[in-house]
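Chemist: A predicted structure for the sequence below; I have some questions about it.
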Amino acid sequence: MDTDRIVGSAKEYAGRAEGAIGDMAGDAKTQASGKAREAAGTVQNLYGQAKDAVRDAADTATSYAKDAYENSGDTFRDGTQALSKKVQDNPLGALMVAGGIGFALALLMSRPARRPPPPRWRY
């Protein structure tokens, strides 16, 4: 729990008490001061709640990132094992896929460069 939440709650309750005393005494100045203190306490409390929410979200994101980083080697290892199993089960299909990828890359790399359009004459 953030200290702004605690201080904000204390200011809010103190403002309520001051406003109630102003109501009982009929003093408008004390009432207004109490309402102002209560509003300031509410704002500080909400600020503390927002800081807590951001801190919790950051902690959650950090733990997810750590888990993903720690398990990335297992995921990569599982993927390579599954791929090698597919290649062992169907070597001709794997060869065809590799050849197709190589052919597509060769076509992309051997395309002639685009020529810029000819200049237009201005009159």
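Modeler: Cool, the structure landed. Numbering: from 1, shown residues only.
Chemist: so how far is the longest helix seen in the chain off the chain centroid?
Modeler: If you go by DSSP state H, the chain has its longest helix at helix 28-89. Put simply, helix 28-89 sits 8 Å off its chain's centre (Cα atoms, centre = their mean, to the nearest Å).
Chemist: what do you get for stretch 19-34?
Modeler: With Cα atoms, centre = their mean as the basis, the mean position of stretch 19-34 lies at 45 Å from the chain mean.
Chemist: rewinding a little: now for the longest helix of the chain, which elements pack on it?
Modeler: helix 3-25 (3 or more Cβ pairs under 8 Å, 6 or more residues apart in numbering; DSSP states H and E). In this view, the C-beta of every residue, glycine as well, is placed from N, C-alpha and C.
Chemist: residues of the helix it packs on that come out buried?
Modeler: Neighbour-count burial for helix 3-25, counted by 16 or more other Cβ atoms under 10 Å, picks out 4-5, 8, 11-12, 15, 18-19, 22.
Chemist: quick one: that helix to helix 28-89, angle?
Modeler: Relative orientation of helix 3-25 versus helix 28-89 (axes from the mean of the first three to the mean of the last three Cα atoms, to 10 degrees): 150 degrees.
Chemist: restrict the strand or helix carrying Phe103 to CA atoms and write it as CSV.
Modeler: In the assignment (DSSP states H and E), Phe103 maps to helix 91-109. The C-alpha trace of helix 91-109 is given here as CSV (Å, rounded to 0.1, in the frame of the first residue of the first chain):
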residue,chain,number,x,y,z
PRO,A,91,12.2,-36.4,-46.1
LEU,A,92,11.0,-35.9,-49.7
GLY,A,93,8.4,-33.4,-48.6
ALA,A,94,11.0,-31.5,-46.5
LEU,A,95,13.3,-31.4,-49.5
MET,A,96,10.5,-30.1,-51.7
VAL,A,97,9.7,-27.3,-49.2
ALA,A,98,13.4,-26.3,-48.8
GLY,A,99,13.8,-26.3,-52.6
GLY,A,100,10.7,-24.1,-53.0
ILE,A,101,11.9,-21.7,-50.4
GLY,A,102,15.4,-21.5,-52.1
PHE,A,103,13.8,-21.0,-55.5
ALA,A,104,11.6,-18.1,-54.2
LEU,A,105,14.6,-16.5,-52.5
ALA,A,106,16.6,-16.8,-55.8
LEU,A,107,13.8,-15.1,-57.7
LEU,A,108,13.6,-12.3,-55.2
MET,A,109,17.3,-11.7,-55.2
